[in-house]
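Participant: What follows is a protein structure lacking sequence information:
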């Protein structure tokens with residue numbers, strides 16, 4: 001899997017040095033409020049998460065990219081593709097998702113990284129459709145989905161945490177960089 005570069009970002013595989021900065025992101029209650037039941041994650045949980053991310057790349061040929069700011073080398077968080085098994089009604093499908101440190105919010109980083117990832121999913125992984133799922137109330141993520149040209153598909157419940165979610169989608173033929 002090659003690295004992806006955008007004007008400001010490097011999307012790459014995970015390394016050991018990412019554990020601590022990603023742990024800080026995962027420990028922030030504001031960042032995690034829209035993830036599952038809102039529980040923060042420990043450094044050990046983050047390490048396991050990163051190991052799983054790497055396993056996804058090996059088994060599926062896609063996964064979650066570590067998002068690095070090219071100018072500073074800082075880890076901003078992640079963006080990438082995964083299989084949303086937590087929502088069986090949309091299976092089989094592939095989802096794009098993101099999580100950034102709060103200090104990187106509002107700068108267009110998630111949108112920039114997601115555009116590169118969607119392009120990767122359609123061109124390199126030969127996907128025909130990619131979904132994105134957010135909890136109701138997460139208006140920032142919903143705006144990103146709309147900026148990416150995704151259309152609202154349905155509202156449902158994520159039974160893993162009991163929260164209502166919105167599902168958006170974009171088809172290969174409708175995606176423009």
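Facilitator: Now that the structure is in, tell me what you want to look at. It should be emphasised that the depicted structure is a prediction, and the values quoted were computed from it without experimental measurement.
Participant: do you know how far the closest residue in space to residue 170 that isn't next to it in sequence is from residue 87?
Facilitator: Leaving aside its sequence neighbours, residue 170 sits nearest to residue 150 (CB to CB, 6 or more residues apart in numbering; 4.5 Å). Any C-beta I mention is one placed from the backbone N, CA and C, and that applies to glycine too. For residue 150, the distance to residue 87 equals 16 Å [CB to CB, to the nearest Å].
Participant: got the contact list for the residue nearest to residue 170?
Facilitator: Contact analysis of residue 150 by CB atoms under 8 Å, 6 or more residues apart in numbering lists 132, 168-170.
Participant: give me that answer again for 10 Å
Facilitator: By CB atoms under 10 Å, 6 or more residues apart in numbering, residue 150 lies in contact with 96, 114, 118, 130-132, 142, 144, 167-171, 174-175.
Participant: And residue 136, its phi and psi?
Facilitator: Dihedral angles phi and psi of residue 136 (degrees, to the nearest 10) take the values phi -60, psi 130.
Participant: quick one: contacts for the residue nearest to it when sequence neighbours are not counted?
Facilitator: Distances taken as CB to CB, 6+ apart place residue 164 nearest to residue 136, at 4.5 Å, with adjacent residues excluded. By CB under 10 Å, 6+ apart, the residues touching residue 164 are 135-137, 155-158.
Participant: Okay, and which of those residues map to helices?
Facilitator: Per DSSP state H, helices hold no members of the contacts of residue 164.
Participant: any idea how far residue 73 is from the closest residue in space to residue 95 that isn't next to it in sequence?
Facilitator: Leaving aside its chain neighbours, residue 95 sits nearest to residue 84 (4.3 Å; criterion: CB to CB, 6+ apart). Taking CB to CB as the measure, residue 84 falls 31 Å from residue 73.
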